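In: need a 3D model of the sequence below.
(chains A and B)
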Amino acid sequence: MFSSKASQAEQQQYQEKFEQLKPKTPILKNVIWAFIVGGLICMLGQFLMNYFVSLGFSNKEAGGPTSVVLIFLSALFTGLGVYDELGRRAGAGSIVPITGFANSIVAPAMEFKREGYVFGIGAKMFIIAGPVLVYGISTAILIGFIYWLRL
Amino acid sequence: MNKKRGQQSIIFASPPVITSTANIVGPMEGDGLLNEFYDRILNDTLDNNSSWEQCESAMMEWAIKTAITKETSVIDDVDYVLAGDLLNQLMSTHFALRGVGRPFLGLYGACSTMVEGMLVGSTLIDGGFANKIVAAASSHHDAAERQYRFPTEQGVQRPMVSQWTVTGSGAAVISAIGNGPRITAATVGKIVDMGIKDPNAMGPAMAPAAVDTLWHHFEDSGRQHTYYDMIYTGDLGNVGKALVIDLFKTKGIDLSTNYEDCGCMIFKEDQDAHAGASGCASSAIVFTGYIYRQLMQQKLHRILLVGTGSLHSTTSYQQKESIPCIAHAVALEM
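Out: Residues are numbered from 1 along each chain as shown, chains lettered A, B, ... in the order given. Sure thing, here's the model as predicted:
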């Protein structure tokens, strides 16, 4: 009925059929979840920041401890097996904030602990976050260079 | 006498008998639709093992040994074990078989492995090379996730077309003589690739392979689809199942009344499995549990079981290759 290597036209026809039957992503639901969860995480960040400012940190200095607390909480809830449940519903809402970045490092570290501390945790910890760091840092250097040229 | 029929099929001269089956599943499957048809339900996906891979091995070893003891045989009566799983180098199977100690042939047909094992085992028996074989397959959600996708604690949102890998294992004892449903015919599939590249859309990628094998089975055996009380595919999920019905409709065959997919039978709607179940264990646990019991109780008389496998690897999809798929069929009659 089908040849092992189907013709381009056959493949295209089938893929169009698949696209018709493909379940639609519940965009509205996802967006609302992402908005609320992402918003709550940022609100928590703001509370923390205000608290650190009230302790006498300057606005700029308060960013550091705020990030530290958010990263700690994300790592803790990843370890408790809660963050992936949140991410399943909130999508970008829990991926984009710094907590999502922490999750993407702690999750593989936990996952690959069974392969040992060197080739497991050490080697695999950055399988998700690694590309973000590579391209993040590369972009920062590039933009820095452009900024330097402008001066 | 030559037992081959047509291009791809076999009609067995002395049809082998499935004399016993056993299965074991994880907690999520245990909460699902077929929970009364499982022999053992684990409380968690580790079950006191130190890794998910070990848990999967333990499940398979348990399923093989239980299937044997259920039919009051001893393990030494088994001539061959034919088994496989989803992990690289058949990790779970090899460690499971270390504890079984019988002649073993490892099979990789991705999620079609259970049917592939039954098919090869039946030919060994009908050919006179064995009196008793065990076919087994297993998969483990968490072990498969970490190999194929993301770490399990990673907060990712799964697309609606994706399916949930089943945690479980099923084993079937096939004998030359005995009581039970007989394997009367089989069709060996060929690789079909319709150019789907999305590894989340395995059901839709495999649907054409299932249709191809079914088509050749009907053609080679001279049986029509109405010959069977039910036709079951392994793990196409909701979308793949709809595509199979649709593809047959264009050929003027209405499969909607006697066709179901094992991947649509395992999880409840509210279990958030999206498009259904997948994995070697999908067809393995549904066949060894629900379908086998229906046959034994004479509620079904003739069924066709089609194991479907998507044969991509993590390397192949990172290199932007499409997904080659396969489907094998065995006909069971009571």
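
In: for B:W164, give me its contacts.
Out: Neighbouring residues of B:W164 by C-beta atoms under 8 Å, 6 or more residues apart in numbering or on different chains: B:M28, B:H141, B:F267, B:Q271, B:A273, B:H274, B:G276, B:A277, B:S278. From N, CA and C alone the C-beta is placed, and that goes for glycine too.

In: hmm, the lengthiest helix in chain A in reach of chain B?
Out: Ranked by residue count, the top helix of chain A under DSSP state H comes out as helix A:27-54. Yes. Applying C-beta under 8 Å from any C-beta of the partner chain, one finds helix A:27-54 touching chain B at A:N30.

In: B:N23 belongs to a strand, doesn't it?
Out: Yes. Assessed by DSSP: H, G, I helix; E, B strand; the rest coil, B:N23 belongs to a strand.

In: nearest residue to A:F52 in space, please, no chain neighbours.
Out: Among residues not flanking A:F52 along the chain, A:A62 sits closest, at 3.9 Å (C-beta to C-beta, 6 or more residues apart in numbering or on different chains).

In: and that neighbour, helix, strand or coil?
Out: Strictly by three-state DSSP, A:A62 counts as helix.

In: hmm, it is touching A:G56, no?
Out: No. With contact defined as C-beta atoms under 8 Å, A:A62 does not count as touching A:G56 (9.6 Å).

In: more neighbours: which of those two?
Out: In terms of neighbours (other C-beta atoms under 10 Å in any protein chain shown), A:A62 is the more surrounded of A:A62 and A:G56; the figures are 19 against 8.

In: wait, what's in contact with the more buried one?
Out: Counting by C-beta under 8 Å, 6+ apart, A:A62 has contacts A:M49, A:F52, A:V53.

In: please redo it, this time with the cut-off set to 10 Å
Out: If a contact means C-beta atoms under 10 Å, 6 or more residues apart in numbering or on different chains, then A:A62 has A:L48, A:M49, A:N50, A:Y51, A:F52, A:V53, A:S54, A:L55, A:G56 as its contacts.

In: likewise B:G237?
Out: Contacts of B:G237 were listed using C-beta under 10 Å, 6+ apart, and they are A:23, B:161-164, B:201-204, B:206-207, B:243, B:261-264, B:273-278, B:282.

In: what's the closest non-adjacent residue to the closest residue to chain B within chain A?
Out: Per C-beta to the nearest C-beta, A:G87 is where chain A lies closest to chain B, at 1.9 Å. Ranked by C-beta to C-beta, 6+ apart and with sequence neighbours excluded, the top spatial neighbour of A:G87 is B:G155, at 1.9 Å.

In: so that neighbour: helix, strand or coil?
Out: coil.

In: list the contacts of it.
Out: For B:G155, the contact set (C-beta under 10 Å, 6+ apart) comprises A:74, A:77-78, A:82-91, A:93-95, A:99-100, A:103-104, A:107.

In: find me the pLDDT at the residue nearest to the spatial centre of chain A, would you?
Out: Nearest to the mean C-alpha position of chain A, by C-alpha atoms, centre = their mean, lies A:I95 at 3.3 Å. pLDDT, A:I95: 89.

In: what packs against the helix or strand where B:V330 lies?
Out: Element membership for B:V330, per DSSP states H and E: strand B:325-333. Applying 3 or more C-beta pairs under 10 Å, 6 or more residues apart in numbering or on different chains; DSSP states H and E, one finds that strand B:325-333 contacts strand B:9-11, strand B:17-25, helix B:113-126, strand B:182-187, helix B:202-221, strand B:230-233, helix B:292-296, strand B:302-310.
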